[in-house]
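1. Structure, please.
(2 chains)
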Protein chains: 2
Amino acid sequence: MPLVVKKFGGTSVGNIERIREVARLIARARDKGERIVVVVSAMAGETDRLLKLAYQVSPSPVEREVDLLLSSGEIVSSALVAIALNDLGYPAESFTGRQVGIVTDSAYTRARIRRINTTRILQALDEGKIAVVAGFQGIDEQENVTTLGRGGSDTTAVALAAALEADICEIYTDVDGVYTSDPNVVSQARRISKISYDEMLEMASLGAKVLQTRSVEVAKIYEVPLLVKSTFKEGGGTLVVKEVPELEKVVVSGVTYDKNQARITVTQVPDRPGIAAHLFGKVSDANIVVDMIVQNVGEHGLTDISFTVSRTDGKKAFSLVKAAAESIGAGEVKLDENIAKVSIVGAAMQSHAGVATKMFATLARENINIIMISTSEIKISCVVEEKYAELATRVLHEAFELDREPEV
Amino acid sequence: MPLVVKKFGGTSVGNIERIREVARLIARARDKGERIVVVVSAMAGETDRLLKLAYQVSPSPVEREVDLLLSSGEIVSSALVAIALNDLGYPAESFTGRQVGIVTDSAYTRARIRRINTTRILQALDEGKIAVVAGFQGIDEQENVTTLGRGGSDTTAVALAAALEADICEIYTDVDGVYTSDPNVVSQARRISKISYDEMLEMASLGAKVLQTRSVEVAKIYEVPLLVKSTFKEGGGTLVVKEVPELEKVVVSGVTYDKNQARITVTQVPDRPGIAAHLFGKVSDANIVVDMIVQNVGEHGLTDISFTVSRTDGKKAFSLVKAAAESIGAGEVKLDENIAKVSIVGAAMQSHAGVATKMFATLARENINIIMISTSEIKISCVVEEKYAELATRVLHEAFELDREPEV
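-> Numbers count the residues shown, from 1 in each chain, chains lettered A, B, ... in the order given. This is a model prediction of the structure:
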């Protein structure tokens, strides 16, 4: 009998009727002979409600307590799903992160899973029960409750699938899969039926909010096949797997954009070894992730450095860099919050000449100025003015003919 | 430094402002040098909200899941109180029932505490922290989450106080102590400043809903001094202790009434050994608690048996007894749901002649018919028609001069 981990997001368990619907979906799968581990998020809106309570009590609530507080949201939905399953006549038991043996580090609000003790969950499965696990949470070595960060239930599901050597991890959500682009922006956007982990990682980190990035990383490491599909619609879905041979031909599989971007430019930086380390050291010390970095070789031993951070971190990074720039005798520091990053993602992109050229030419034809460029083996990103984000996404989707099903 | 357990009920942590007020109260006690363990209930209304969700999902939700579900309510309030304390600059850590090491039996929804491992809580206290414990919950030997029944947070507090050998267990609630009678019925009702465990037990089980009965039983066994007082008002309070020497004089210390009563009468029961056991066996097998039992010796080897159960159990007990009565060839079975129990409670009552006589005479003077009588060492209860409950309570309060502070 196949062992399947099924994860349901907050909207899927957002109210009583949906919880019962989810239970019926699980029951049908059980009837087909699956051994099932369910992972649930908190009911939609619940995590925000709890966070609001915490911030009403204190402007800076202690993280240990916030984690315990938030963990209750998933406990509620796991108990309710287990109740619904039992009501349908399918024996089910819920498990908290602790009960399921998910041990993490102690980084409250963004803990990482260290190990999973599967004894208890396997026992439940052996007894013919459906195991319903509260996602998003674990305990550290001292048994404090921790949480895995927003979207952490995806990671719970994938990590459990890895630990249990499940046949597949199904991520049920309110969309029926991963699309070639945001359907709200590109009306021709098409559901991708199969995609590789690496492409999915780029799609996820570039703004396609279907899966938590970390969950895809874990899936890739342990080679857990992921299926992203709709809770409310039969069929469809996007399979995320290791190798997608037919994609060798496709080259570009999706276009994404991300408006949560800000650019900081430092002019007239003395071009000496260690200067960049000094500038970026201050930023990374503050736990701010720097994305793209562009350095222009300049004249007279001076250079300009530009880099992007998420817009939420923009002002903080700006003041840190401003202080650092003054101390090394650099020139001006500028913050630009009106930018967006538009990216094309695809396997084996670098081995296909002309993809980058086509991207740049397409943008140029629309008079969209490219502010920064960054490339990796499977993506090319361009920073453009924010107002062009949707237009750029649409024209690139068209130029690469993503509305057409790839030939296999 | 005195070690104090402070328990706050649902109304005391019912909203954000109250949670902050509770935190300030705790902070003031800390400033006075107390080592503090806080026990909290779920925010007022939260347990009912969660129960409603469970019953919306299933008409008969599995108890294991209901317990896990309900336990989340106390987790939320413990985290919020800990956040509030930290916000005031008082280091505090919250603990779930599991983290605090409260191990119970596996009787879901009404579990009993078996043992408490105080290591972790003592460690927090030694680090100068305030420990905030989620009440009402524990884990069984298999680490399933259990709950202790309605009002169970009182028991958590008292059991913790016993295990920690605390100097006192303070129960903060929305009234400022235990009264000689219900102030809503008897306007002259007076707060009792000191009362014995036994009297408190009678008061609690007879309907004075200030403390969960079980918590008083535990306090009595471990001789934990209890102080019942108001969260929102300084001073006052009722101290519940082992010996109250001055009460030797008082005789009657309170009058209570309880309308959650139903009487079942079986007529013409064959007066043979084993018959009563057969009748009541059926009832106790269904986990229904029988309170008062009256048996009239009758003629021709036949007898009438009347007994009371809580009104909520009335119909169920009636049908069980009806079946049993038929099988033993008894006569009619009648259910009377329009009764109430009025009781006077006091230490050393049986050694004071005339107390019972005075009670019966007082009721007779008001033409209140006594349907059943039951006595113990520290109480006399009379079942009367429900409509007389308040009147009986008022006249008894007056007859025993309970509005006057006892002479010491």
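2. from here on, contacts and neighbour counts on C-alpha atoms
-> OK.
3. Which secondary structure element of chain A has the lowest mean pLDDT?
-> The helix or strand of chain A with the lowest confidence, counting by mean pLDDT, DSSP states H and E, is helix A:247-250 at a mean of 54.
4. Check which element follows that one along the chain.
-> Heading C-terminal from helix A:247-250, the first helix or strand you meet, by DSSP states H and E, is strand A:254-270.
5. Alpha carbons only: can I get the next helix or strand after that following strand in CSV?
-> Using DSSP H and E, the helix or strand that follows strand A:254-270 towards the C-terminus is helix A:275-285. Provided in CSV are the C-alpha atoms of helix A:275-285 (Å, rounded to 0.1, in the frame of the first residue of the first chain):
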residue,chain,number,x,y,z
ILE,A,275,35.6,47.0,1.3
ALA,A,276,32.7,44.9,0.0
ALA,A,277,33.0,42.6,2.9
HIS,A,278,32.8,45.5,5.3
LEU,A,279,29.6,46.9,3.6
PHE,A,280,27.8,43.6,3.3
GLY,A,281,29.0,42.4,6.7
LYS,A,282,26.9,45.1,8.4
VAL,A,283,23.8,44.0,6.4
SER,A,284,24.1,40.3,6.9
ASP,A,285,24.9,40.8,10.6
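6. Next SSE downstream of helix A:275-285?
-> strand A:290-296.
7. Residue A:258: how many residues sit nearby?
-> Neighbour count of residue A:258, defined by other C-alpha atoms under 10 Å in any protein chain shown: 19.
8. I meant residue A:315, not that one.
-> 17.
9. residue contacts, it?
-> residue A:335 (C-alpha atoms under 8 Å, 6 or more residues apart in numbering or on different chains).
10. Let me know the pLDDT of it.
-> On pLDDT, residue A:315 comes in at 93.
11. In the record's domain split, what are the boundaries for chain A?
-> A:3-174, A:255-399 (automatic domain parsing).
12. With respect to residue B:61, which of those lies nearest?
-> Nearest of the domains of chain A to residue B:61, taken as C-alpha to C-alpha: domain A:3-174 at 5.4 Å.
13. and the closest one, does that touch chain B?
-> Yes: residues of domain A:3-174 contacting chain B under C-alpha under 8 Å from any C-alpha of the partner chain: A:16-17, A:19-20, A:53-54, A:56-58, A:60-62, A:65-66, A:68-69, A:72-73, A:75-76, A:79-80, A:82-84, A:86-87, A:93-94, A:99, A:143-144.
14. Among these, which lie within strands?
-> Within those, residues falling in strands by DSSP state E are A:93, A:94.
15. Please identify the deepest-packed of the domains of chain A.
-> A comparison of the domains of chain A by mean neighbour count, using mean count of other C-alpha atoms under 10 Å in any protein chain shown, puts domain A:3-174 on top with a mean of 22.
16. Quick one: end-to-end distance for that domain.
-> 23 Å (C-alpha to C-alpha, to the nearest Å).
17. Could I get the pLDDT score of the residue lying farthest from the centre of chain A?
-> Distance from the C-alpha centroid of chain A, by C-alpha atoms, centre = their mean, peaks at residue A:300 (43.0 Å). pLDDT for residue A:300: 75.
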